[in-house]
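Chemist: Provide a 3D model corresponding to the input given below.
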Amino acid sequence: MAQSRPHDLLALLADELDAARGQLEALGMALIGDEAVAIRHITQLQAIDHVGQRCASIATILRADDPQAASRLAPLESITERIAALRSR
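Modeler: Next up is the predicted model:
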C-alpha cells in the first residue's frame, strides 16, 4: 500500500469540507423555500450559512501552499482570531 503524503490528506479533508458545505447549502435552500420556516428560523438559517462559510475558509487554508499565510487571509474573523490565539501560546 502506498503511503499518502500530508498534502494529499489535507486535500482530501478540504474536499470533505467542500462536500459538507454543499450539503449545508442544499439544506438551507430547502428550508428557505418554505417562507413560514424561513421567517421563524432566520437566525438558525444564518448560522447554517456561517458554518458553510467556515468550511470553505478552512478548506482554502488546507489547500494553500502556505497555510500560515492563508490563515491570516481567512475571510472569517473568528477563524483568524482563533488561529492567532493558537500561535501565541
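Chemist: gap between A19 and A84?
Modeler: 28 Å (CB to CB, to the nearest Å). C-beta here means a position set from N, CA and C on the backbone, and glycine is covered the same way.
Chemist: Pull the contacting residues for the residue positioned nearest the centre of the chain.
Modeler: Residue closest to the mean C-alpha point of the chain, counted by CA atoms, centre = their mean, is C55 at 0.9 Å. C55 makes contact with L17, D18, A20, R21, L24, according to CB atoms under 8 Å, 6 or more residues apart in numbering.
Chemist: For burial, what's the neighbour tally of E25?
Modeler: For E25, the count of nearby residues is 14 (other CB atoms under 10 Å).
Chemist: Next: L17.
Modeler: Residues lying near L17 (other CB under 10 Å) number 21.
Chemist: C-terminal to the helix or strand encompassing it, which secondary structure element comes first?
Modeler: Using DSSP states H and E, L17 sits in helix 6-32. Downstream of helix 6-32, the first helix or strand assigned by DSSP H and E is helix 35-40.
Chemist: next SSE after that following helix?
Modeler: Using DSSP H and E, the helix or strand that follows helix 35-40 in sequence is helix 42-63.
Chemist: pLDDT of that next one, averaged?
Modeler: For helix 42-63, mean pLDDT rounds to 93.
Chemist: in that helix, what's buried?
Modeler: Under the neighbour-count criterion of 16 or more other CB atoms under 10 Å, helix 42-63 has 45, 48, 52-63 buried.
Chemist: likewise stretch 18-37?
Modeler: Quick answer for stretch 18-37 (16+ other CB under 10 Å): D18, R21, L24, G28.
Chemist: For the host helix or strand of A69, list the C-alpha coordinates in CSV.
Modeler: Assigned by DSSP H and E, A69 belongs to helix 67-72. Once non-C-alpha atoms are left out, helix 67-72 reads as follows in CSV (Å, rounded to 0.1, in the frame of the first residue of the first chain):
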residue,chain,number,x,y,z
PRO,A,67,-1.3,27.6,5.3
GLN,A,68,0.0,30.1,7.7
ALA,A,69,-0.4,33.0,5.2
ALA,A,70,-3.7,31.6,4.1
SER,A,71,-5.0,31.5,7.7
ARG,A,72,-4.1,35.2,8.1
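Chemist: Fine by me, we can end here.
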